[in-house]
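[1] Sequence and predicted structure, then a few things I'm wondering about:
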Amino acid sequence: MRHTINVLVENEFGVLARVAGLFSGRGFNIDSLSVAETQDPTVSLMTIVTRGDDQIIEQILKQLRKLVNVLKVTDLHEGQYLDRELVLVKVAATAETKPEILRLMDIFRGKIVDVSPKTYTVEVTGGEDKIRAVLELLRPLGIKEVVRTGKVAMPRGMQNGG
Amino acid sequence: MERTGAEIFVESLRKEGVHTLFGYPGGVVLNIYDVLYDSDIRHILVRHEQAAVHAADGYARVTGEVGVALVTSGPGATNTVTGLATAYMDSVPIVVFSGQVPTHLIGNDAFQEADIVGITRPCTKHNYLVKDVRDLARIIKEAFYLARSGRPGPVLVDLPKDVIVGRTEYVYPETAKLRGYNPTYEGHLGQIKKALKAIHESRRPVVYAGGGVILSNASRELTEFARRLRLPVTTTLMGLGGFPGSDPLFLGMLGMHGTYRANMAVSHADLLVAVGARFDDRVTGKIDEFAPNAKIVHVDIDPTSISKNVQVDIPIVGDAKNVLKKMLGLVHGPEWEDRDEALREWHGEIEAWRRAHRMDYGQGKDVIKPQYVVEQLHEATGGRCIVSTEVGQNQMWAAQYFRLEEPRCWLTSGGLGTMGYGFPAAIGAQAAFPDRVVIDIAGDGSIQMNIQELATAVQYELPVKVAILNNGFLGMVRQWQELFYDRRYSHTRMDVAPDFVKLAEAYGALGLRATRPEEVRPVIEQALAHSGPVLMDFHVDPEEGVYPMVPAGAPLTKMLLL
Ligand SMILES: Cc1ncc(C[n+]2csc(CCOP(=O)(O)OP(=O)(O)O)c2C)c(N)n1
Ligand SMILES: [Mg+2]
């Protein structure tokens, strides 16, 4: 099963290597990972998307907690958190595809951020399902390049950040 | 007052109560060595940095204090990796300080630069690169605290040259504050009560104790607990000495080379109480068939050890000593009076297994059996000594035949299985306890991996006794080839070996040899009577095997007995 895990860490050099090394050294998967400073500049937040059965996820959570520079680990539960990812997609722009690209950007509230004689580059932000849908619909038009940020996530409402 | 990094380093070690340091100098740590020149800290100059770390490890295992090693940058630092990995796998509290090139050169492939923090990240509990001399005292405080607290382990601190020579105000912090690190010492009372209920209901319980019992100094509690509740106890290789070997409740070691009765008992138990053990594959054999009918209680200070390899029914995160103490406090009252009766049948079964198969070897008239040497060492010392081992058959025979009564007398590389560990570890132990008898039970292969430390032992008058069970083979590997590779002894025979007696003499130590059974005891007596280090070369049966043996991946009940 896919899990989204938020990890609060000390904002120090080497911490990312410790977390990444933990995953690679123990054969855990990372589907995506994003990191940035939080409100408190001494603390960073990582959002990690990973996969595994219950036992593996339990190990991942425990192993993360065991790292000295890790302050808090939260396994985010389906439906109880917000998540967003940003993608940039460079699409072949021809006379036929241009109107379709524009129409899709309208529907998905995406933006054209760069234009060249043969391509449009679009920017779309959204949750997992939306990003998947956009990419599926753009694919037949001729995707040249995709860049994704990986997702960031936050628990909904009153729950504590972590 | 302003101090240099080097002065801060030495002063902080003194504040941590460090008396002995194992080290090897080099360019970037010269300033530290210059301060050590006038210090009352004893520095033991090893002959290879790997040995410095193993010696610190041996020192830590016998004393329970943090062992310390100091090395230079680059090759000095990389030579510590095996020692760190060894200590990491066995949860031994050590702190290794390595020199590093000046911070402005880091990343430039400077002379003798190695990214030792990167290299050792997966084999240390934690590590540090000190980038500013103002952080030095705090980091040293944290390093010692991390090494000894929670599940202990090795910590590496990398010291760039400019940090060593830099100056700052020196204040040694009273405590280490690490907001992301809070080990759980107290077991959860509800879980403890659940475990006791399971123990009470069980008719076929076994306690499976590991190195955690030694690390948390819980042997007394474990012994009292098992005796009071009449629980049979087996230990892992790392747990040996955590429960008295002569106690009738002791089943011996379990696992690949465990006793028949221990493996049978675990396989037929209805309850397994694991204390400070981690269900290693050498212990469990085929994991799906390990203790198939048993409910599992698992006491461990490290949550990651719980339910890692087997699903645990009653987890208790906490320090083994604390948890056992709490349990002891709760097993009073009439409902606990009936233990003998409740477990009578089970003890009967175990007794039958004991009779069905005992470990044995036939010591004939001509060829020395390695097990006989181990038993004679035990007899000659009354078992009252510190024993270290190398790795291979020698290690397993030592585990099987050197009966231990007490904790912190047993130094063996259990998790990593590091050949070359035993001798430097013995030197570290001897440095801690100059008046005790320290014996390294060695193989002819392993001893050559750190033989250079004979010079260290002689120089510092550390009278370690090394007993080489010389079979002319990388014996344990040969045994696997015999059993699983049609006796095709590919590259396990050491056709050339040094004359160990001459070798000892070349280093200024005493060398002794026994080639016949009747010479074994006199050689041991002579070695024990000698005041300096001794190398004993016992020419033993070259193709003797270690039995019982559970082939890798087989269930524990499928023992090759012989
Ligand atoms: C550093 C290292 N290299 C290789 C091994 C693999 N290994 C395990 S036991 C063994 C043989 C050890 O030979 P020896 O020291 O003579 O002991 P014996 O088994 O003969 O008692 C080897 C090579 C190891 N454990 N450690
Ligand atoms: Mg050998």
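    Perfect, thanks for sending it. Ligands and ions are numbered 1, 2, ... in the order given.
[2] Give the buried residues for the longest helix anywhere in chain A.
    Secondary structure of chain A read by DSSP state H shows that its longest helix is helix A:128-142. Residues of helix A:128-142 classed as buried: A:130-131, A:134, A:138, A:141 (neighbour count, 16 or more other C-beta atoms under 10 Å in any protein chain shown). In this view, the C-beta of every residue, glycine as well, is placed from N, C-alpha and C.
[3] pLDDT weak spots in the chain?
    No chain was given, so I picked chain A. A:158-162 (pLDDT under 70).
[4] what number of residues lie near residue B:200?
    Using other C-beta atoms under 10 Å in any protein chain shown, the number of residues around residue B:200 comes to 16.
[5] ok, it to ligand 2 distance?
    Distance, residue B:200 to ligand 2, by C-beta to the ion, to the nearest Å: 48 Å.
[6] residues in chain A within reach of chain B, list them.
    Contact residues, chain A versus chain B (C-beta under 8 Å from any C-beta of the partner chain): A:9-10, A:14, A:17-18, A:21, A:25, A:55, A:58-59, A:62-63, A:65-71.
[7] close to ligand 1, is the longest helix anywhere in chain B?
    What stands out as the longest helix in chain B, according to DSSP H, is helix B:49-63. No: contact between helix B:49-63 and ligand 1 is absent, the nearest approach being 9.8 Å (criterion: C-beta under 6 Å from any ligand atom).
[8] Check which helices and strands that helix sits against.
    Judged by 3 or more C-beta pairs under 8 Å, 6 or more residues apart in numbering or on different chains; DSSP states H and E, helix B:49-63 is in contact with strand B:20-23, strand B:67-71, helix B:75-78, helix B:81-89, strand B:94-100, strand B:410-411, helix B:422-432.
[9] For ligand 2, what is the nearest residue in chain A?
    Here the residue of chain A nearest ligand 2 is residue A:25; by C-beta to the ion that distance is 32.1 Å.
[10] Excluding covalently adjacent residues, which one is nearest to that residue?
    Leaving aside its chain neighbours, residue A:25 sits nearest to residue B:122 (5.0 Å; criterion: C-beta to C-beta, 6 or more residues apart in numbering or on different chains).
[11] Distance-wise, check that neighbour relative to residue B:107.
    Going from residue B:122 to residue B:107 by C-beta to C-beta, to the nearest Å gives 20 Å.
[12] which of the two has more neighbours?
    Higher neighbour count among residue B:122 and residue B:107: residue B:122, with 15 against 10, using other C-beta under 10 Å.
[13] close enough to count as contact, the more buried one and residue A:21?
    Yes: counting by C-beta atoms under 8 Å, residue B:122 touches residue A:21, with 5.8 Å between them.
[14] in the stretch 251-400 of chain B, what residue is nearest ligand 2?
    For the stretch 251-400 of chain B, C-beta to the ion, closest residue to ligand 2: residue B:392, 6.2 Å.
[15] Residue B:446 is in contact with that residue, correct?
    Yes: if you go by C-beta under 8 Å, residue B:392 and residue B:446 touch, sitting 6.3 Å apart.
[16] Have a look at chain A and report its longest strand.
    Taking DSSP state E as the criterion, chain A has its longest strand at strand A:81-92.
[17] That one packs against which elements?
    strand A:119-126, helix A:128-142, strand A:143-148, strand A:152-155.
[18] What lies in contact with the first one?
    Think strand A:119-126. Strand A:119-126 is contacted by residues A:84-93, A:98, A:101, A:105, A:108-115, A:130-131, A:134, A:138, A:144 when judged by C-beta atoms under 8 Å, 6 or more residues apart in numbering or on different chains.
[19] Among these, the buried ones, what's the ChimeraX command?
    Remark: buried members of those, expressed as a ChimeraX selection using 16+ other C-beta under 10 Å:
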select /A:84,85,86,87,89,90,91,92,93,98,101,105,108,110,130,131,134,138
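[20] Give me the subset of the residues of chain A next to chain B lying in helices.
    Those of the residues of chain A next to chain B lying in helices (DSSP H): A:17-18, A:21, A:25, A:55, A:58-59, A:62-63, A:65-66.
[21] Pick the one among those residues closest to residue B:218.
    The shortest approach to residue B:218 among those belongs to residue A:66, at 21.5 Å (C-beta to C-beta).
[22] Where does pLDDT dip in the stretch 201-350 of chain B?
    In the stretch 201-350 of chain B, no residues with pLDDT under 70.
[23] swap in the stretch 401-550 of chain B?
    In the stretch 401-550 of chain B, no residues with pLDDT under 70.
[24] tell me which parts of it are close to ligand 2?
    B:443-445, B:471, B:473, B:475 (C-beta under 5 Å from the ion).
[25] Who wins on neighbours among the residues you listed?
    Busiest of these [other C-beta under 10 Å] is residue B:475, holding 30 neighbours.
[26] Residue B:459 against residue B:45, yeah?
    Yes: contact criterion C-beta under 8 Å: residue B:459 and residue B:45 qualify, at 7.2 Å.
[27] Those residues of the stretch 201-350 of chain B touching chain A, which are they?
    Within the stretch 201-350 of chain B, the residues that sit near chain A (C-beta under 8 Å from any C-beta) are B:302-304, B:307-308, B:311.
[28] could I get the residues you listed as CSV with neighbour count and secondary structure?
    CSV is the format used below for those (neighbours: other C-beta atoms under 10 Å in any protein chain shown; DSSP: H, G, I helix; E, B strand; the rest coil):
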residue, neighbour count, secondary structure
B:302, 19, coil
B:303, 20, helix
B:304, 19, helix
B:307, 19, coil
B:308, 19, coil
B:311, 11, coil
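[29] Closest to residue B:503 out of the residues you listed?
    Looking across these and measuring by C-beta to C-beta, the closest to residue B:503 is residue B:302, at 41.9 Å.
[30] what's the distance between that closest one and ligand 1?
    Distance of residue B:302 to ligand 1, computed by C-beta to the nearest ligand atom, to the nearest Å: 24 Å.
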